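A.B. asks: next one to model:
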Amino acid sequence: MALVTAIDFRLLHLNSSTAGFTYLLLILLLATRSGLPAAIAASFASMLCYDYFFLPPIGKFSILEAQDWVALIVFLITAVTASELSAREQRRADEASARRLEMEQVYEFSRALMIGDDHRGIAAQIAQSIAQVFHIPEVALYDRATDTVHRGGPTTSLLESQLRDAARNESAWSSVSQKTSILPVRFGGRVLGSLGIVGTTLSEAALQAVAQLGAIALERARAQEAANHAEATRQNEQLKATLLDALAHEFKTPLTSIKAAITSILSNQGGDPIERELLTVADEEADRLTTLLTRTIEVARIEAGHVKLSRQSCPVAQLVADAIDQLKRFCEGRDVRVDIPADLPPVDADPGLIALVLRQLLDNALKYASPSASIGISAERLDDNIIVHVSNDGPTIPPEELSSIFQKFYRGRDVRERIPGTGLGLTIAREIVATHGGTLSVSSQPGAGVRFSFTLPVAPVPEAVAA
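C.D. replies: Numbering: from 1, shown residues only. So this is what the prediction gives:
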């Protein structure tokens, strides 16, 4: 201001109007370069210089003419207003530049998450990437799933309790003076954790964008991990099924030879009674092993997806009658009651496989219920499905065993020593029903016995043939 005054007054000998424009130009430059406070200070300083050097009486802080008062006041108002407008535009330009820089950093952060491959885990990678991309001295990411805090940057002032509280309460917290922000990390309405940042003044929009990108990265990593686990499980099950099928076939050939040899020896009359008794035991155990291998092969084929359904329209009453006929020897002397409505529509199923399901459930009831217990087979329609029930009023299944009864090789604690079995029959039945698109369930209440129920789709009605 002193330099401009010296040039205008000493060198150029400018009049008041021209000098006023030079002061205004200087004030605008100061507003642009140094901000509004400096421009306002320059406005008042220029007013004093303008009055002292360019308004009569020259060299005194006094004004004689009214028009000089008007000129001075207009000059001051113009200078302050111009300073404010110039400073406002400069602030807007600075804010736009800062937002552009933030968006560039957000893009760089998202790119780092997409191409990054940090062996320490995705959460640690997120914290480190935020600290590096945004040049932040401290970043802390709390992962709620693992209850761990991952840090980025050289400082560690954020407390784990603060991060846990933010995730638990789903609330954000910030301190402008400390340049600290803590906000929850959400994805799809679920809180995955919280993010704490110290030493930066990122805008609210940028903070939310960073938190959302971190949430997406966390969820993507977990989804990928779940997919990898599911694929590994599928391949493991397929390998087990293949090996089981191969071993079962290898065992079946020598068992068939053993069975044939024992049967041939037993067919000869005479012989030591003790030897015949031992051969009879061996024959029964060979039958048991053959049954076990046969069912193992069936389970392996079903789980490997090698079973192809031959669907057709099957009357439920006929399926039940065939199953009872095949177990006729075991049903003799037992109270087996069948209740199939005459108007029940047929089911859309593979008759051979569903007959196997019915035989297994009926055999299960005959085997585990007491000889005096009654066994019931019934069916009913529910919407587009037929529900078949096989029940008995014998001993109930303990509640803690209901969830395990369909597992392979599982047998109840109370019966595994008394009643022979493989523990595969219910597994086979469940898989066959599932292959048909139905479900197999069990219920057991004290005093009500045990009831197995499975669903099958109703057979489609054939279209009428045109005359």
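A.B. asks: pretty sure residue 216 contacts residue 187?
C.D. replies: Yes - counting by Cβ atoms under 8 Å, residue 187 is a contact partner of residue 216 at 6.6 Å. C-beta: built from backbone N, CA, C; applies to glycine.
A.B. asks: once you drop chain neighbours, what's closest to residue 16?
C.D. replies: Using Cβ to Cβ, 6 or more residues apart in numbering and skipping the chain neighbours, the partner closest in space to residue 16 is residue 54 (4.1 Å).
A.B. asks: please read the previous query as pertaining to residue 151.
C.D. replies: Distance criterion Cβ to Cβ, 6+ apart; nearest residue to residue 151, sequence neighbours excluded, is residue 140 at 5.1 Å.
A.B. asks: ok, residue 377 next?
C.D. replies: Distances taken as Cβ to Cβ, 6+ apart place residue 338 nearest to residue 377, at 4.9 Å, with adjacent residues excluded.
A.B. asks: how many neighbours does residue 205 have?
C.D. replies: By other Cβ atoms under 10 Å, 12 other residues sit near residue 205.
A.B. asks: in a helix, it, correct?
C.D. replies: Yes - membership of residue 205 in a helix is supported by DSSP: H, G, I helix; E, B strand; the rest coil.
A.B. asks: residues contacting it?
C.D. replies: The contact partners of residue 205, by Cβ atoms under 8 Å, 6 or more residues apart in numbering, come to residue 102.
A.B. asks: need the per-residue pLDDT for it.
C.D. replies: In this model, residue 205 is scored at 80, pLDDT.
A.B. asks: got the contact list for residue 395?
C.D. replies: Counting by Cβ under 8 Å, 6+ apart, residue 395 touches 368-370, 414, 449-450.
A.B. asks: residue 332: which of those is nearest?
C.D. replies: Ranked by distance to residue 332 (Cβ to Cβ), the contacts of residue 395 are led by residue 369 at 15.0 Å.
A.B. asks: quick check: closest non-adjacent residue to that closest one.
C.D. replies: Using Cβ to Cβ, 6+ apart and skipping residues adjacent in sequence, the residue nearest residue 369 is residue 394, 3.1 Å away.
A.B. asks: please apply the same query to residue 146.
C.D. replies: Spatial nearest neighbour of residue 146, chain neighbours left out: residue 123 (7.6 Å); criterion: Cβ to Cβ, 6+ apart.
A.B. asks: so who does the one you found touch?
C.D. replies: Residue 123 makes contact with 141, 143, 146, 148, 150, 193, 218, according to Cβ under 8 Å, 6+ apart.
A.B. asks: give me the buried entries from those.
C.D. replies: 141, 143, 150, 193, 218 (16 or more other Cβ atoms under 10 Å).
A.B. asks: the helices in the stretch 201-350 of the chain, which residues?
C.D. replies: Along the stretch 201-350 of the chain, counting by DSSP state H, counting those that start in this stretch, helices occupy 204-267, 273-303, 316-326, 328-331.
A.B. asks: export the shortest one to PDB, keeping only CA atoms.
C.D. replies: Think helix 328-331. Coordinates of the C-alpha atoms in helix 328-331 are reproduced here as PDB (Å, rounded to 0.1, in the frame of the first residue of the first chain):
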ATOM      1  CA  LYS A 328     -44.300-108.900   3.300                       C
ATOM      2  CA  ARG A 329     -42.100-111.300   5.300                       C
ATOM      3  CA  PHE A 330     -41.400-108.600   7.900                       C
ATOM      4  CA  CYS A 331     -45.000-107.300   8.000                       C
END
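A.B. asks: which residues are in contact with it?
C.D. replies: Helix 328-331 is contacted by residues 324, 362-363, 366 when judged by Cβ under 8 Å, 6+ apart.
A.B. asks: Serialize those to TSV and add fields for neighbour count and pLDDT.
C.D. replies: TSV is the format used below for the contacts of helix 328-331 (neighbours: other Cβ atoms under 10 Å; pLDDT from 0 to 100):
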residue	neighbour count	pLDDT
324	18	86
362	23	88
363	18	84
366	18	82
